[in-house]
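Chemist: Sharing a model that was predicted from the sequence below.
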Amino acid sequence: MKIEQIYTGCLAEAAYYIESNGEAAIIDPLREVQPYLKKAKLAGATIKYIFETHFHADFVSGHVDLAQQSGAKIIYGPTAKTTFASYIAKDGETFKIGDLTVTALHTPGHTLESTTYLLSDKDGKPYCIFSGDTLFIGDVGRPDLVQKGAQSMEDMAGTLYDSLQSKILSLPDDVLVYPAHGAGSACGKHMSKETFDTLGHQKEVNYALKAVDKNDFIKQVTSGMLPPPQYFAKNAFINKHGYESFAAVQKKGLIPMDPADFEATVNHMGALILDTRDAQDFAKGFIPSSINIGLNGQFAPWVGALITDLKQPLLLIVEDGMAEEAITRLARVGYDETIGYLEGGIAAWITAGKDIETITSIPVSEFEKILNADPQVKVLDVRKTGEYETGHLEVAATRPLDYINDWTNEIDPAGTYYVHCAGGYRSMVAASILKARGVEHVIDIAGGYAAIKSTDLKQTDFTVTSKELIR
C-alpha cells in the first residue's frame, strides 16, 4: 500500500496518490496532470479512479484531463451532476484499488455533494479518510458556499454537523485524516499548518468537533465568516462543466514577445500586464499600468481574489525561465487567457527605451520620522481584518487587499498614501493596483507591520470601528 500526499503550498492544497498491486487512484488532482501520470508509469501502475471530494471552488481540478489521458473513471459522491462523463457513487458504495477498499461516505455541509472517502487496508481495517473540505486539521469546511432557496449558511452548517456526527466521528480514533487544504486556504477559518492528523487527536483539539451540541456548532462555525473570494463560484462552475485542456492553455501562453510586439498586443487586445517579480524588484521599475502579484507568495489565490474576469487576456512579466510556472499557477485557478510574456523581462523593455514607472519603498525608520513630523499622514493597512484586530497603528485605516476593488473609490487620486501589510508582499500588490488606477503618490513601507512593531509608533490591539478613510 502506498499513500502519498502531494501538497502545493501556493494553494495550500493537498492531492493524493494511492497505489496497490498495480492499480492507482488520484484524489482531488490539480490542473496539471503529468506528475500523476509519471508517478503511475514509474510504478508500473494503472490509474483506475479519480476521486473528487466535491466541486472545488478554490482551484480547477485536473479530473477531466486526467481521465482523458489515463482512461480512469471520475468518481463523485451522491447528488453531483456533471456535463462530462463521471460516475456518481451511492452513499456507502465501495471501490477496489488492488488490495485496498475505498468507501464513499456522503458528507454534505460544505457543499451538497461533498463526500469523504474512507480507505481500508487489505484486512478491511479502516486506515484513513480523505475528507476533502468536510474536515480539516483544526477546522471544518465553510458552510456558506451553497445557498439554494431556503438553505442558508446556518442550514448548511447544521447539515455539516450531522455529517460529521454520523459518518466521521464514529470511526476509530487511530484513523488518519487527510484533508484537501491546510493553513492559508480560504476554505476554512482556523486551519492548522499540519497537513494530516489522527481523528482522535482532532476530537481533542479541533474547536468545531468540541462543540457541545448542534446549535453551538452552528454558532461557532458561522461566526466571523468573511465573504468567499470572487473566483470561488467561477471555479466551481468550471469543475462541474469542464475546461480547455491544460496543454492548450500552455501552448497559448508560452509565446515570447519582444517589447514592440508586447506593447502592440497590450494596446490591441486590452491585455492586463501581470508582473510576477519580487515586490522590491517591481518597485524599482515596471511597465506603466502593470500590477504586481509575485510568484514568491500565494500568487494564484491573489490573482483569483483581485482579477475579476477569468477571460481577461494576460501578458506576463517574469523572471528568466519562469513563464511556464506562472501560466501553470494561473491555470490552476481558471485563468486560461495568458497570451504571451515579455522575452528578456523588464531589462529588455528598458533597453528598448520604453517608459517605466517606480514605486517608492521606504524603510520603517524613515516612515517613523515622517509620521512623527505629520501625524495626519494617510496610512492604509491592507492586511486581513483579523490581523488588523490583533494590533495596528492608531493612525492606520484598515483596507484589506482582498476587497481593494470595493474600496478604491474612497481613495483621493491626488492624495499621498503610505501602504503596509505584514511583511511587504501584499502592500506592493495594493500599491501597484492603486498606481495603475491613477493614484500617483503611493509609498510602500518596507518590512510591513513586522517592522513597524519594533518602533515607538503608537499602536493598539483593539478594533477601530470607524470605516471613514482619513482625507
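Modeler: Yes, it's here.
Chemist: Please parse the chain into its domains.
Modeler: Using automatic domain parsing, the domain ranges for the chain come out as 2-234, 244-351, 360-460.
Chemist: Any chance of those in CSV with mean pLDDT as columns?
Modeler: Listed next are those as CSV, based on pLDDT from 0 to 100:
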stretch, mean pLDDT
domain 2-234, 95
domain 244-351, 97
domain 360-460, 94
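Chemist: Turn these into JSON lines, columns for mean neighbour count.
Modeler: C-beta coordinates here come from the backbone N, C-alpha and C atoms, glycine included. Formatted as JSON lines, the domains of the chain follow (neighbours: other CB atoms under 10 Å):
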{"stretch": "domain 2-234", "mean neighbour count": "19"}
{"stretch": "domain 244-351", "mean neighbour count": "19"}
{"stretch": "domain 360-460", "mean neighbour count": "18"}
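Chemist: And stretch 105-125, end to end?
Modeler: 16 Å (CA to CA, to the nearest Å).
Chemist: er, stretch 199-211 actually
Modeler: One end of stretch 199-211 sits 16 Å from the other (CA to CA).
Chemist: same thing with stretch 275-291?
Modeler: By CA to CA, one end of stretch 275-291 lies 6 Å from the other end.
Chemist: gap between it and the chain center?
Modeler: Taking CA atoms, centre = their mean, to the nearest Å, one finds the center of stretch 275-291 at 22 Å from the center of the full chain.
Chemist: Closest to the centroid, which residue in the protein?
Modeler: What sits nearest the mean C-alpha location of the chain, by CA atoms, centre = their mean, is Pro301, with 3.5 Å.
Chemist: From Glu93, how far out is Tyr127?
Modeler: Tyr127 sits 18 Å away from Glu93, going by CB to CB, to the nearest Å.
Chemist: Equivalent analysis for Lys210, please.
Modeler: 31 Å.
Chemist: can you check Met322 too?
Modeler: Separation of Met322 from Glu93 (CB to CB): 44 Å.
Chemist: and if you look at Tyr388?
Modeler: 47 Å.
Chemist: what's across from Thr360 in the sheet?
Modeler: Ile443 (DSSP bridges).
Chemist: Pull up the gap between it and Ile50, please.
Modeler: When Thr360 is compared with Ile50 (using CB to CB), they lie 50 Å apart.
Chemist: swap in Thr455?
Modeler: Distance of Thr455 to Ile50, computed by CB to CB: 52 Å.
Chemist: Same check on Tyr127?
Modeler: Going from Tyr127 to Ile50 by CB to CB gives 20 Å.
Chemist: Which secondary structure state does the closest residue to Ile291 other than its chain neighbours sit in?
Modeler: Nearest non-adjacent residue to Ile291, counting by CB to CB, 6 or more residues apart in numbering: Ser432, 4.5 Å away. Under the three-state scheme (DSSP: H, G, I helix; E, B strand; the rest coil), Ser432 adopts helix.
Chemist: residues in contact with Ser432?
Modeler: Residues near Ser432 by CB atoms under 8 Å, 6 or more residues apart in numbering: Asp275, Phe282, Phe286, Ser290, Ile291, Asn292, Ile359.
Chemist: same check, this time on Gly253
Modeler: Gly253 makes contacts with Leu316, Ala323, Ile327, Leu330, Thr338, Ile339, Gly340, Tyr341, as judged by CB under 8 Å, 6+ apart.
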